[in-house]
Each structure stands twice: as C-alpha cells, then as structure tokens.
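A.B. asks: Provide a 3D model corresponding to the input given below.
(one chain, ligands or ions: 2)
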Amino acid sequence: MLERRYAILGTGALGGFYGARLQKAGLDVHFLLKSDYEHVTQHGLVVESKDGDFTLSQVNAYHDVEKMPRCDVVVVALKTTQNHLLSQMLPHVLKDNGVVLVLQNGLGIEEEVADIVGNDRVIGGLCFLCSNKLGPGHIHHLDYGKVTLGEYAPDYQAVGNTDRIQQIGNDFERARIPIDLAEDLLLARWQKLVWNIPYNGLSVILNATTRELMADAYTRKLVEQLMYEVVAGAKTSGRTISDRFIAKMLDYTDKMKPYRTSMKIDYDERRPLEVEAIFGNPLRKALVAGVNLLQISCLYHQLKFLDAQIRELSM
Ligand SMILES: NC(=O)C1=CN([C@@H]2O[C@H](COP(=O)(O)OP(=O)(O)OC[C@H]3O[C@@H](n4cnc5c(N)ncnc54)[C@H](OP(=O)(O)O)[C@@H]3O)[C@@H](O)[C@H]2O)C=CC1
Ligand SMILES: CC(C)(CO)C(=O)C(=O)O
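C.D. replies: Ligands and ions are numbered 1, 2, ... in the order given. Take a look at the predicted model:
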C-alpha cells in the first residue's frame, strides 16, 4: 500500500509535536494553522525535545482547510473548545476511505466526530505527553509522549484492534512515538480521566503544579479521592479500573517533572478551558446511569465559573 498522508488540524503543543515527528520520519504531513501560519510558512517548525531538538525548515502549512489535500489520516489536535469547527473542516480534508484520529483529552469526542464522518471512520488516541508551545511554530516537548490508540464503534463497544490501527501505530513508531493499542477505547478514555480530572481541575482552582499537589498531604488525598470517583464513573459505563491503576497514576505523577497541566496553561493564558470535554461529558455519562459524581461535579461548577470569566474578558 502507498504511504498514508496525514493532516494535522491544530498545529500547537500536541499537533505540532507529533506532526513534526511524523514528517521527520519521512511521512507526508499537512499542517493546518491559525495565528502561526505566516511564521511557520517562512520559518518552519522548531521542536525542542528531551529526545533531541530538531527543525523542519519547510512544512506544508495551510491557513484554510479547503486548500489542504485530502488525507488518509486526519489528526484532530485542536483544543476541544474549538470542536464546533470540525463539521466544517473534516469533509474538506478527509479522503473517502480515510479515518479521523482524535488525539484530544476528554470523553465523548469520537461520538461527535462520528456524527460528522460516520461511525466506521473514527479512531481515538490518548496522549501521555507533556508539551507546550513556546511561540509561533516553536514546540517544547518536556516529557513522555506515548499514544494509546483505540478503534471507535457506536456506543463505544469494545471492538479490539484492526489492520488500519496497526498501520497508523507503525507510522507513529517509525517516528519514535511509543504506541499502545487499546482493545477498549472507552476504558482507555476513562483511564486517562483518572489523571486529567484531579490534576487539570485542581491545578487551576488551587493555582498549583502537579508537584505541589502531590507534596501536600491534603491535596494528595483530594487527588486520590477524585481518582476513585472517576473509577466510579467508569463503572457506570461498565468499565473496571483497578486500584493498581490508581497507584500507577500517582507514581507516574510523583516521578513527573513539576508540570503545569494543559488546563492550567490555558487558564494562565486566559484561553477557554476544556471543561465540557474533561468534566461535563463524564458527569453527564454517569448521570444517565443514575450516578451523581459529587466531587467532580463540585470541580465542574467552579471551573465553569472561571471559564465564564475568561470568555467574558475575551469578548
Ligand atoms: N499539550 C499536551 O502535552 C497535551 C495535550 N492534550 C490535548 O491535546 C489537545 C490539543 O492541546 P494542545 O496542543 O496543548 O493545545 P494548543 O493550544 O497548544 O494547540 C491547539 C492549536 O490549534 C490551533 N487552532 C485553533 N483554532 C484553529 C483553527 N480554526 N484553524 C487552525 N488551527 C487552529 C491553535 O492555533 P492558535 O494558537 O493560532 O489559536 C493551536 O496552535 C487538547 O485536547 C489537550 O487537552 C493531551 C495530552 C497532552
Ligand atoms: C497527563 C498530561 C499531563 C499529559 O499526558 C495531560 O494530559 C495534560 O496536561 O492535560
């Protein structure tokens, strides 16, 4: 088979990093940008990475999705706060037999994308990556990077692995991106929320780094309690997350360099927060099953307040 062509929708901390790595490995990659378009057209992409710095002096950069070629794999790397744009973007850039790869944080995004492109054209990916954008076209990869890929099927039925997911995984591995294949995408999404719900939420509300949250006995306890509430949420979707997994996430964070979560960076930069994807959707999914996740709900309401303040300021 011919090599797959990739589109990166949103060339920021995550899309810029993975897209640049794919291009560096020799793949055909096309990048959609907004405010960085002119700069990247002229200067390319610069990646500072713990695995080795590199510059791509020439990239296929676009400001308008209608000018992009149709691609086999369309990577969604916008913030979820911009997902209302996808119904307009995806039909222009996705090949008839292509697939959309959602690399965003949160729950339920694949369902929204499937409504646009069809149930059999969506894959989800969970990224354990610490990356920031320092300036136009300038990405800083601080830590980690593994992507867990999982096939989407209606109602998030677990459908196991497929050839196409294996092939995409091979492309990422060729780009030195560690890959896991998840048999059950919904379980993988709830597992990622075990991290994102406590740390993203508390880092904003308490103005703290991951290290500070772990060092204080009270906030560490709060983190742990929130993790167990995510486990209760997963149970309402029929998914089981073990105590061992919680211990692993606490250990992972203990060993992480002090990190400002992606939501904290958004808050500090006064950008809209991904509250609905990371908090609202899981809460609503559990509520449908009759379970009110009270502590997560408390975080959700506080974050909605802060998010509304940010949105008002930017109007
Ligand atoms: N960063 C990380 O380490 C991780 C991020 N994630 C998740 O990945 C997703 C992306 O996050 P991240 O990369 O950090 O976010 P960024 O804000 O760094 O990147 C998003 C990019 O999308 C661009 N964009 C927004 N609107 C448009 C548009 N209309 N057309 C073209 N480009 C547009 C933005 O450009 P502009 O700046 O010009 O608006 C920005 O560069 C989120 O869901 C996040 O939670 C998950 C794990 C780790
Ligand atoms: C877990 C982490 C830090 C990267 O994988 C993340 O998802 C975030 O900051 O939102």
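A.B. asks: what parts of the stretch 1-150 of the chain come near ligand 2?
C.D. replies: Within reach of ligand 2 by Cβ under 6 Å from any ligand atom, the stretch 1-150 of the chain has these residues: 105, 127, 128, 129, 130. Bear in mind the C-beta positions are built from the backbone N, C-alpha and C, glycine included.
A.B. asks: let's go with 5 Å and repeat that
C.D. replies: residue 128 (Cβ under 5 Å from any ligand atom).
A.B. asks: closest residue of the stretch 1-150 of the chain to ligand 2?
C.D. replies: residue 128 (4.1 Å; Cβ to the nearest ligand atom).
A.B. asks: report pLDDT for the residue nearest the centre of the chain.
C.D. replies: A centroid search over the chain (Cα atoms, centre = their mean) returns residue 104, at 2.4 Å, as the residue closest to the centre. Per-residue pLDDT puts residue 104 at 98.
A.B. asks: contact partners for the closest residue to it other than its chain neighbours?
C.D. replies: Excluding the flanking residues, the one nearest residue 104 by Cβ to Cβ, 6 or more residues apart in numbering is residue 80, at 5.1 Å. By Cβ atoms under 8 Å, 6 or more residues apart in numbering, the residues touching residue 80 are 104, 105, 106, 109, 274, 276, 277, 278.
A.B. asks: wait, the second one sits on residue 275?
C.D. replies: Right, the one you point to is residue 105. No. Using Cβ atoms under 8 Å, residue 105 is not in contact with residue 275, being 11.3 Å away.
A.B. asks: I'd like to know how many residues surround the residue in the chain positioned nearest to ligand 1.
C.D. replies: Nearest residue of the chain to ligand 1 (Cβ to the nearest ligand atom) works out as residue 12 at 1.8 Å. Residues near residue 12, counting by other Cβ atoms under 10 Å, number 19.
A.B. asks: cool, residue 13 as well?
C.D. replies: Residue 13, neighbours per other Cβ under 10 Å, totals 22.
A.B. asks: cool, residue 26 as well?
C.D. replies: What residue 26 shows, counting by other Cβ under 10 Å, is a neighbour count of 11.
A.B. asks: show me what from this structure comes close to ligand 1.
C.D. replies: Counting by Cβ under 5 Å from any ligand atom, the chain sits next to ligand 1 at 10, 12-14, 32, 34-35, 78, 82, 104-105, 127, 129, 131, 133, 262.
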